[in-house]
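> below are the sequence and a predicted model for it; my questions follow.
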Amino acid sequence: MGGTTGLEPFRRKEGMPLPDNPSLDWLRKQAKRHLDELRKANSDAQLADAQFEIAKRYGFSSWRGLKAHVDSLSIEGQLFEAARSGNQPRLVELLDEHPDPSEEQIKHYLTGNLCRCATYPEVMDAVRLAAKKRNAAPAG
């Protein structure tokens, strides 16, 4: 699937299979429950420790890698990655399949994925512009 070019260091290794259509919210809740378990043995355990162990359980080298994988499974995640990486052919392909992402869909996906002080406005503009161009192009 296009758009995962920058994620090679986080590729999945052997581990428990993720459920069908994994949810990041579900994984976060799993990590919080696991943190409670960790704190029984070590009161200094942090959420990052639990997240790391959950990621390892599913065969990822980090929580970031697990999150990137789960995000890449959604259309919003694929749109974001194509726009972020400048992969115009993939962005066009995705917008052909899903021609009118709402402003709220784009913003929802970017939350927690991109620093708003850096390239956030440019990624938002890229998705908006690409969608606008696709919608304005004559069918053919």
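Yep, that arrived. Numbers count the residues shown, from 1 in each chain.

> switch to C-alpha atoms for all contacts and neighbour counts from now on
Will do.

> pLDDT weak spots in the protein?
The chain contains residues with pLDDT under 70 at 1-13, 105-120, 134, 137-140.

> got the domain ranges for it?
Per automatic domain parsing, the structural domains of the chain span 24-72, 75-136.

> would JSON lines of these with mean neighbour count be doable?
Conversion of those to JSON lines gives the following (neighbours: other C-alpha atoms under 10 Å):
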{"stretch": "domain 24-72", "mean neighbour count": "17"}
{"stretch": "domain 75-136", "mean neighbour count": "16"}
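
> those domains into JSON lines, with extra columns for distance to Met16?
Formatted as JSON lines, the domains of the chain follow (distance: least, C-alpha to C-alpha, whole Å):
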{"stretch": "domain 24-72", "distance to Met16": "5"}
{"stretch": "domain 75-136", "distance to Met16": "23"}
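
> quick one: closest of those domains to Pro17.
Pro17 sits nearest to domain 24-72 of all these, at 6.2 Å, using C-alpha to C-alpha.

> now find how far off-centre that closest one is within its chain.
Centroid separation for domain 24-72 versus its chain: 16 Å, with C-alpha atoms, centre = their mean, to the nearest Å.

> okay, how far is it across it, tip to tip?
Domain 24-72 stretches 11 Å from its first residue to its last (C-alpha to C-alpha, to the nearest Å).

> how about stretch 15-34?
17 Å.

> any idea how far that stretch is from the chain center?
Distance of stretch 15-34 from its chain centroid, counting by C-alpha atoms, centre = their mean, is 14 Å.
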